[in-house]
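**Q** sharing a sequence plus its predicted fold:
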2 protein chains.
Amino acid sequence: MFEQNKKIGVFDSGVGGLSVLKQFLKYLPFEKYIYLGDTARVPYGNRSPETIKRYAKECTDFLVSKDVKLIVVACHTVSSVALDVVEQNSNVPVVGMIKPATKSALLLSKNKKIGVIGTRATINSNAYQDALIKSSEKGDVEVFARDCPLFVPLVEEGFINHPATKLIAREYLSDFPNFNIDTLILGCTHYPLLSKVISEILPDVELIDSGEQAAIYALRLLAEKNLLVGEKDVISQKPDVEFYLTDYTSNFSDIAQTFLGFKTENVSFVSLSN
Amino acid sequence: MFEQNKKIGVFDSGVGGLSVLKQFLKYLPFEKYIYLGDTARVPYGNRSPETIKRYAKECTDFLVSKDVKLIVVACHTVSSVALDVVEQNSNVPVVGMIKPATKSALLLSKNKKIGVIGTRATINSNAYQDALIKSSEKGDVEVFARDCPLFVPLVEEGFINHPATKLIAREYLSDFPNFNIDTLILGCTHYPLLSKVISEILPDVELIDSGEQAAIYALRLLAEKNLLVGEKDVISQKPDVEFYLTDYTSNFSDIAQTFLGFKTENVSFVSLSN
């Protein structure tokens, strides 16, 4: 098979990566995709680095076995603590969530005061914080990071515009105005769904959707490596995605609708370990 | 070793079972315990029955290998959908969460209108509902069940008396007053920590702590089978518990303090699969 015609593999700890897939379908609509969600072991966000690395290797092995041309690590937790594991276990380009988002934040921020929110594992890893400082020309960026562990369950339960969510968001984000940030990286797949709530609390702050930045980055990367599939003349409304999950969850279809905007078909179940 | 001197094995999907262990330490303070928390794969509550059964078997095998005299299934989700798996894979008595709580509810309820709250898997399994109807002498009990998926993350994040928790609880419990229940089973290890919040919303309803009922049930069962350890004359403030976790989580010690009321020592890590 021509390399260009191979699929793009996207993996995540669960369903959150569908928000990243949505951005890829927007910027790279003619590609074919495989989406792997490790729904039997979600969430990764509060687990130890060792466990996250083990799970990341198993997800990578699965996508490698599917002969994909690019691996997208949609999970910010894996992107933060185990991107090297994915790179070491695959022979195709790997796109994580950290680098594209930090570059974009540095391009956009005027005062070089940048906020990052994410799961406990993502924030504790310092991956975003380190990448921002490393990519800043003069190293003069100030980073303010905060974990927001309840955002994931709130989004998954559909409490997106709920007063309780606004109360919790107000508490999580209460320190950011003191730091005078002008840019905030949404360092978790679920957080773009809370953009409206976050913008109400931080109205003058530019929000960075890491999934969107990763899609734009992947577009440039594939073009550079001559791996882009050809433009199509006939437009299908139905994206070409195979879904693989490690566990059946009764509300997957509803969550997919929330994250992707369409009902998922073509869902298979797969076991990654024993 | 005399059978009486063997330990009691308690397992849970994570840390929630510590609220059950706390009740066992109260009613059976002279026993020795092994606590297994599958923190690498918590939570079980939204997973499929097949996956829950597989995880339950692995937890059972571990406790059987430790030669315990009794297995306590502290996880309500496992108690609901996989108690038979635990029984089939062990040769010691097994105490789940469902039967003791339903018997107690039927004893206490005057109007035979009983509520049950739990995780999605517990409620969808109908285990509590079926057990209540089966154990009711005339089958004339009315059961009102509701899943409350956000209670677990809220408790684990320490949002126990938070206004957001009260808002969410008010929403989850809003139908119960219409049903005129006089008794409510707290069908999840985390929910006893929200007793105060729940009682504010349902002031005239008797709350059943399943962990407490399970401990009382186990006391009778061990006595009947002549498996109780002897009463001690010298009282130690320090309970005899070995803790095993499948993953290190940075906030385990804090959560243990919340659930148990003391700091955990004697924590080991164990792998249940591959």
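**A** Done, it's in.
**Q** buried set for stretch A:73-85?
**A** Buried residues in stretch A:73-85, counting neighbours by 16 or more other CB atoms under 10 Å in any protein chain shown, are found at A:Val73, A:Ala74, A:Cys75, A:His76, A:Thr77, A:Val78, A:Ser79, A:Ser80, A:Val81, A:Ala82, A:Leu83, A:Val85. Yep, even glycine has a C-beta here, placed from its N, CA and C like the rest.
**Q** contact partners for the third one?
**A** By CB atoms under 8 Å, 6 or more residues apart in numbering or on different chains, the contact set of A:Cys75 is A:Phe11, A:Asp12, A:Ser13, A:Gly16, A:Gly17, A:Tyr44, A:Met97, A:Thr189.
**Q** closest to A:Tyr217 among these?
**A** A:Tyr217 lies nearest to A:Met97 out of these, by CB to CB, at 9.8 Å.
**Q** ok, that closest one to chain B distance?
**A** Using CB to the nearest CB, to the nearest Å, we find A:Met97 at a distance of 21 Å from chain B.
**Q** just A:Leu194 next, same as before
**A** A:Leu194 is 14 Å from chain B, by CB to the nearest CB.
**Q** excluding sequence neighbours, find me the nearest residue to that residue.
**A** A:Phe151 (6.1 Å; CB to CB, 6 or more residues apart in numbering or on different chains).
**Q** give me the neighbour count for the one you found.
**A** Residues near A:Phe151, counting by other CB atoms under 10 Å in any protein chain shown, number 27.
**Q** surely it touches A:Pro192?
**A** No: counting by CB atoms under 8 Å, A:Phe151 does not reach A:Pro192; the two are 10.7 Å apart.
**Q** what about the one helix or strand A:Gln129 maps to, average pLDDT?
**A** A:Gln129 belongs to helix A:127-135 when assigned by DSSP states H and E. Averaging pLDDT along helix A:127-135 gives 95.
**Q** can you list the buried residues in it?
**A** Counting neighbours by 16+ other CB under 10 Å, one finds that the buried residues in helix A:127-135 are A:Ala127, A:Tyr128, A:Gln129, A:Ala131, A:Leu132, A:Ser135.
**Q** any chance of the residues you listed in a markdown table, with distance to A:Phe24 too?
**A** Shown next, in a markdown table, are the buried residues of helix A:127-135 (distance: CB to CB, whole Å):
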| residue | distance to A:Phe24 |
| --- | --- |
| A:Ala127 | 21 |
| A:Tyr128 | 21 |
| A:Gln129 | 26 |
| A:Ala131 | 21 |
| A:Leu132 | 24 |
| A:Ser135 | 23 |
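**Q** helices of the stretch 51-200 of chain A, residue ranges please.
**A** Remark: helices assigned in the stretch 51-200 of chain A by DSSP state H, counting those that start in this stretch are A:76-81, A:83-88, A:98-108, A:120-125, A:127-135, A:151-156, A:163-172, A:176-179, A:195-201.
**Q** can you name the residues that contact A:Glu212?
**A** Contacts for A:Glu212 (CB under 8 Å, 6+ apart) come out as A:Gln23, A:Lys26, A:Tyr27, A:Pro192.
**Q** now these: which count as buried?
**A** For these, buried by 16+ other CB under 10 Å: A:Gln23, A:Pro192.
**Q** keep only those of the contacts of A:Glu212 that are in helices.
**A** Among the contacts of A:Glu212, the ones falling in helices (DSSP state H) are A:Gln23, A:Lys26, A:Tyr27.
**Q** chain B next: which of those residues are close?
**A** When contact is defined as CB under 8 Å from any CB of the partner chain, the ones in helices among the contacts of A:Glu212 do not meet chain B at all.
**Q** quick check: closest non-adjacent residue to the residue nearest in space to the middle of chain A.
**A** When CA atoms, centre = their mean is applied to chain A, the residue found nearest the centroid is A:Ala74 (3.6 Å). In space, A:Ala74 comes closest to A:Gly17 once its chain neighbours are excluded; the distance is 3.1 Å by CB to CB, 6+ apart.
**Q** tally of neighbours for the one you found?
**A** With neighbours defined by other CB under 10 Å, the count for A:Gly17 comes to 28.
**Q** hang on, it packs against A:Phe11?
**A** Yes: in terms of CB under 8 Å, A:Gly17 counts as a neighbour of A:Phe11; the distance is 6.8 Å.
**Q** who touches both of those two?
**A** A:Tyr35, A:Gly37, A:Ala74, A:Cys75.
**Q** in TSV, list the residues you listed along with pLDDT and distance to A:Lys66.
**A** As requested, those are arranged in TSV below (pLDDT from 0 to 100; distance: CB to CB, whole Å):
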residue	pLDDT	distance to A:Lys66
A:Tyr35	97	11
A:Gly37	96	14
A:Ala74	98	16
A:Cys75	96	18
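**Q** any part of the helix or strand that contains A:Glu242 near chain B?
**A** Using DSSP H and E, A:Glu242 sits within strand A:241-245. No: when contact is scored as CB under 8 Å from any CB, no part of strand A:241-245 falls within range of chain B; the minimum is 9.8 Å.
**Q** is the very next helix or strand once past that strand anywhere near chain B?
**A** Note on strand A:241-245: by DSSP H and E, the next helix or strand toward the C-terminus is helix A:252-260. No: between helix A:252-260 and chain B, judged by CB under 8 Å from any CB, nothing touches; the nearest distance is 9.9 Å.
**Q** packing partners of the helix or strand just after helix A:252-260?
**A** For helix A:252-260, the succeeding helix or strand toward the C-terminus, using DSSP H and E, is strand A:267-269. Packed against strand A:267-269 by the contact rule (3 or more CB pairs under 8 Å, 6 or more residues apart in numbering or on different chains; DSSP states H and E) you find strand A:241-245.
**Q** list the contacts of the residue nearest to A:His162 when sequence neighbours are not counted.
**A** Spatial nearest neighbour of A:His162, chain neighbours left out: A:Leu154 (7.3 Å); criterion: CB to CB, 6+ apart. By CB under 8 Å, 6+ apart, the contact list for A:Leu154 reads A:Ile160, A:His162, A:Ala164, A:Thr165, A:Ile168, A:Leu194, B:Leu150.
**Q** buried ones only from the residues you listed, please, as a PyMOL command.
**A** A single PyMOL command suffices to select whichever of the contacts of A:Leu154 are buried according to 16+ other CB under 10 Å:
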select buried, (chain A and resi 162+164+165+168+194) or (chain B and resi 150)
